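[1] pasting a predicted model and its sequence here:
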Amino acid sequence: MTTDALLTRREGAVLVLVNNNPAARNALSAEFYTAATQALADAEADPTIGAVVLTGAGNFFCAGGNLNQLITRRAMAPADRRERLELLHGFVRRLRDSSKPVIAAVEGGAAGAGLSVALACDLLVSSREAFFSATYIKVGLTPDGGLTSFLAEFVSRQLLTELCLTGERVTAERLHALGAVNRLVDAGQAEAAAIALGAQLAEGPARASARIKALCRGAHARSLDEQLELEAASMVESQGDDEAQEGIGAFLGKRKADFAALRRR
C-alpha cells in the first residue's frame, strides 16, 4: 500500500512504513492514521513479514499534530473532537496489539504525538542528533496518544511531570541513558539500523516472539504473581509449538534453526 501520506516498501522480511509529509516535518493526519493502521493489519495477516519499521520522510520522524487542523477543533462539538482523536488512539492500539515487532527509526526529532508514536513502538532506534519533546504545553494542549503512559514506564513521576509541563527538548543520548532508546546511531543511519534489527528479529520464531512481546508490554504494571501466571501460560503453549521442536532440535543438532520454514507452512 502506498498513498500520499504513507509510503511502504519491503526489505526482505521487514515492512518499512514511511510517514510522508516532509514539508510539515511529517505532521500527522487522518489519512496517515487510516493508511498506517490498515498497513499494520495487513502485515499481521502476512506470514512473510517478520518485523515492521516505522520512520519519517526527509530526515525527520514526526512533529506531532497538524496545528492548522487542530485549531479548527475549537468549533467542533466535544464528541466530534473525540472521534477525530480516536484515529490516533486506534493507531497506537494497533501498534500495541501487533504480534510483529515494530521498530521506530527516528531522525531529526519526535515531538508531541510524534513522541507518543515513537514510544508506542516496541523498539526505538535513534540518531544521536535527534531530539524528543512533549510539546503540548507550548500550545495550550495536553498529551495524547498514550504519551504519559509510555513515559511513566521508565521515568519518575517528577520527571514525567517536568517533561510534560515544560515541553523542553530531551536529547537522544538522555533517552538512551533512561532506557527508552535501544540503539544510538550516526545521523542518517537510523532507518538502516532499524531495518537490520528488524531483519534479525524476523529470523526468529514468530509465535514465540509474539508471546514475548505480550509479556513484556504490560510487565511493568503487573504484580509478580500475575506475571508468573502469564509466563506459565505462555511457556506451556510454547512447549507444545512446532517452533520449540525446531529450536530445541537445532540446538541439540548443532545447526541453525529454520523458523522461516515454519511460517511458510
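    Everything's here; your move.

[2] C-alpha from now on. contacts and neighbour counts both.
    Fine.

[3] could you chop the chain up by domain?
    6-202, 206-263 (automatic domain parsing).

[4] any chance of CSV for those domains, columns mean pLDDT?
    Shown next, in CSV, are the domains of the chain (pLDDT from 0 to 100):
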stretch, mean pLDDT
domain 6-202, 96
domain 206-263, 95
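
[5] winner for burial among the ones you listed?
    By mean neighbour count, with neighbours taken as mean count of other Cα atoms under 10 Å, domain 6-202 ranks first of those at a mean of 19.

[6] all helices for this structure, in order.
    30-44, 67-70, 78-97, 113-120, 147-152, 157-166, 172-178, 190-202, 206-217, 224-239, 242-252, 259-263 (DSSP state H).

[7] for the fourth one, what is the distance to the chain centroid?
    Which is helix 113-120. 7 Å (Cα atoms, centre = their mean, to the nearest Å).

[8] which helices and strands does it pack with?
    Packed against helix 113-120 by the contact rule (3 or more Cα pairs under 8 Å, 6 or more residues apart in numbering; DSSP states H and E) you find helix 78-97, strand 102-106, helix 147-152.

[9] partners of the second one, with directions?
    Strand 102-106 has its sheet partners listed here by DSSP bridges as strand 51-56 (parallel), strand 123-127 (parallel).

[10] what are the contacting residues of it?
    51-56, 60-61, 95, 118-119, 121-127, 130, 190-191, 194, 198 (Cα atoms under 8 Å, 6 or more residues apart in numbering).

[11] swap in the longest one?
    Under the contact criterion Cα under 8 Å, 6+ apart, helix 78-97 has outside partners 30, 33-34, 36-37, 40-41, 73, 102, 117, 120-122, 145-146, 217.

[12] ok, which of the strands paired with strand 102-106 comes nearest residue 7?
    With Cα to Cα as the measure, strand 51-56 is the member of the strands paired with strand 102-106 nearest residue 7 (9.5 Å).

[13] hang on, the earlier thing: the helices of the chain: which one's closest to residue 138?
    helix 157-166 (7.8 Å).

[14] please state the offset of that closest one from the chain centre?
    22 Å.

[15] C-alpha coordinates for that helix, PDB please?
    The C-alpha trace of helix 157-166 is given here as PDB (Å, rounded to 0.1, in the frame of the first residue of the first chain):
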ATOM      1  CA  ARG A 157       6.600  10.900  38.400                       C
ATOM      2  CA  GLN A 158       8.600  14.100  39.000                       C
ATOM      3  CA  LEU A 159      10.500  13.800  35.700                       C
ATOM      4  CA  LEU A 160       7.300  12.900  33.800                       C
ATOM      5  CA  THR A 161       5.600  16.000  35.200                       C
ATOM      6  CA  GLU A 162       8.600  18.100  34.300                       C
ATOM      7  CA  LEU A 163       8.800  16.900  30.700                       C
ATOM      8  CA  CYS A 164       5.100  17.500  30.200                       C
ATOM      9  CA  LEU A 165       4.800  20.800  32.000                       C
ATOM     10  CA  THR A 166       7.900  22.300  30.300                       C
END
